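Undergrad: Have a look at this fold, sequence not included:
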């Protein structure tokens, strides 16, 4: 089973690495990091590079697509090479998924039209511009299309997807293998739970925190 | 503030990328991925490469050390270049931390002697061989030394560390920025919670799941 994760400059690393860490453990899974051109892609803050080992053209028909987000998605929303790859790959995929603002690329490719979908909480309204119905659930399943909210929600999405692909036993074994038994020291991980002052802080310094 | 994350071949990517995603958002933080030699380091399953942008020698005195884990730690437990760097860096660090089997490197460097510490649940007994007292808490704070349990626990550790460094407001803003409001679809993320059959499955196929 080929799992394709398109990456790009100004990606948010955890959007890609969370689902990779889950899905690479599925029996028979081969995760490929792809981009328009091979080589290192630097993250949103420039402090890390993930390597694309193949080009998009080399893997036109993966069974699973996981589109991560990050500030770099904004430029790609007008990139016909990437959008065309997404449209074509989605035609034959078994699952088409996204994390964070990766869903904006699915939206720009026309894949989310008429579907409920989610993204990072600061970008929800953009989805509507492309004909999707933004919802604030953490993982949104619409047939074979699954979108996840911001960054860390990709781990929840991937475990859900793992159970759809290989059953609950395997998904639970993966969860135990990566010790995903979260104990966040604070309860400020969503707009609904964070104090207003924290939401304001993130909005006012979005380049740092979001 | 320099935050050093030593990486290596056969690393578990999320061990490093979870804390990076949190700590890189701290005001004034600069996260550096280091290794004995610069260049791409491939992960445990070979499916991804993270780039080391500098050598260990180039950053001997980071304020924060985060040692990730993975099968590649076993060879490094006898690597005097890496252990020597850890010992020297720990002398001047403000915080020395690990995720998953990264703590085995701290242990091999003698840094955990006489301290409570944790690691991935399948490696806990190894800590005792190096004079540490293994405990099953998810994040174990011992003065400036913080060890975390397996893989995903690095996110919890890093948020705890973020609050120690920059206060709770900043830590909560980071948590909201990365939407760390976990909703695992199953409750099998620790040995205490997973059904026995799942624990047995992971133990019998540790190369796949753990």
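TA: Here it is on my side, so go on. Since this is a predicted model, take the numbers as computed values, not measurements. Numbering: from 1, shown residues only, chains lettered A, B, ... in the order given.
Undergrad: Excluding residues flanking it in the chain, which one is nearest residue A:16?
TA: Closest residue to residue A:16 apart from its sequence neighbours, by CB to CB, 6 or more residues apart in numbering or on different chains: residue A:68 at 3.9 Å. Glycine gets a C-beta too; all of them are placed from N, C-alpha and C.
Undergrad: so where do the helices sit in chain A?
TA: For chain A, the helices defined by DSSP state H cover A:13-23, A:73-76, A:80-92, A:102-108, A:124-129, A:153-166, A:168-177, A:196-204, A:206-209.
Undergrad: Just tell me which of those helices ends up closest to residue B:15.
TA: Among the helices of chain A, helix A:13-23 comes nearest to residue B:15, with 9.0 Å by CB to CB.
Undergrad: List the buried residues in the closest one.
TA: A:13-23 (16 or more other CB atoms under 10 Å in any protein chain shown).
Undergrad: what's that helix packed up against?
TA: When contacts are defined as 3 or more CB pairs under 8 Å, 6 or more residues apart in numbering or on different chains; DSSP states H and E, helix A:13-23 packs onto strand A:2-6, strand A:30-35, strand A:49-52, strand A:64-67, helix A:153-166, helix B:13-23.
Undergrad: what angle separates it from helix B:153-166?
TA: 150 degrees (axes from the mean of the first three to the mean of the last three CA atoms, to 10 degrees).
Undergrad: Run the chain-centre distance for helix A:13-23.
TA: In terms of CA atoms, centre = their mean, to the nearest Å, the centre of helix A:13-23 is found 8 Å from the chain centre.
Undergrad: Double-check residue A:126 against residue A:103; I have them as touching.
TA: No. Counting by CB atoms under 8 Å, residue A:126 sits too far from residue A:103 to count as a contact (9.1 Å).
Undergrad: Can you check which residues contact both of the two?
TA: Shared between the contact lists of residue A:126 and residue A:103 (criterion: CB atoms under 8 Å, 6 or more residues apart in numbering or on different chains) are residues residue A:119.
Undergrad: higher neighbour count, those two?
TA: residue A:103 (34 against 20; other CB atoms under 10 Å in any protein chain shown).
Undergrad: Now for that one: which residues touch it?
TA: Residue A:103 neighbours (CB under 8 Å, 6+ apart): A:67, A:69, A:112, A:117-119, A:127, A:132, A:147-148.
Undergrad: let's see 10 Å
TA: Contacts for residue A:103 (CB atoms under 10 Å, 6 or more residues apart in numbering or on different chains) come out as A:67, A:69, A:73, A:97, A:111-112, A:115, A:117-120, A:123-124, A:126-127, A:130, A:132, A:134, A:140, A:145-149.
Undergrad: What of residue A:1?
TA: Here residue A:1 is in contact with A:23, A:26-31, A:62-64, A:94-95, A:165-166 (criterion: CB under 10 Å, 6+ apart).
Undergrad: cutoff 7 Å now
TA: A:26, A:28-30, A:63-64 (CB atoms under 7 Å, 6 or more residues apart in numbering or on different chains).
Undergrad: One more: residue A:32?
TA: A:2, A:4, A:53-54, A:59.
Undergrad: Identify the bridge partners of it.
TA: On the basis of DSSP bridges, residue A:32 is bridged to residue A:4.
Undergrad: Could you measure from it over to residue A:60?
TA: Residue A:32 is 12 Å from residue A:60, where distance means CB to CB, to the nearest Å.
Undergrad: Now residue A:82: closest residue in space, sequence neighbours ignored.
TA: residue A:76 (4.9 Å).
Undergrad: can you check residue A:205 too?
TA: residue B:173 (7.5 Å).
Undergrad: Pull up the gap between the one you found and residue B:52, please.
TA: From residue B:173 to residue B:52 the distance is 29 Å (CB to CB).
Undergrad: For these two, work out which one has more neighbours and name it.
TA: Using other CB under 10 Å, the more surrounded residue of residue B:173 and residue B:52 is residue B:173, with 28 against 23.
Undergrad: Wait, the more buried one touches residue A:210, no?
TA: No. With contact defined as CB atoms under 7 Å, residue B:173 does not count as touching residue A:210 (8.9 Å).
Undergrad: Could you list the residues in contact with the helix or strand of chain A with the lowest mean pLDDT?
TA: Ranked by mean pLDDT, DSSP states H and E, the weakest helix or strand in chain A is helix A:206-209, scoring a mean of 91. Surrounding helix A:206-209, the residues in contact under the criterion CB under 7 Å, 6+ apart are A:122, A:202, B:25, B:173-174, B:177.
Undergrad: picking up where we left off before, model confidence score at the residue nearest to residue A:205, please.
TA: Looking at residue B:173, its pLDDT reads 98.
Undergrad: residues touching it, list them.
TA: A:198, A:201-202, A:209.
Undergrad: before we move on, the earlier item: if you count neighbours, what's buried in the least confident helix or strand of chain A?
TA: Buried, per 16+ other CB under 10 Å, within helix A:206-209: A:208-209.
Undergrad: so how far is residue B:70 from residue A:170?
TA: For residue A:170 relative to residue B:70 (CB to CB), the value is 21 Å.
Undergrad: Mind checking which of the two has more residues around it?
TA: Higher neighbour count among residue A:170 and residue B:70: residue B:70, with 27 against 20, using other CB under 10 Å.
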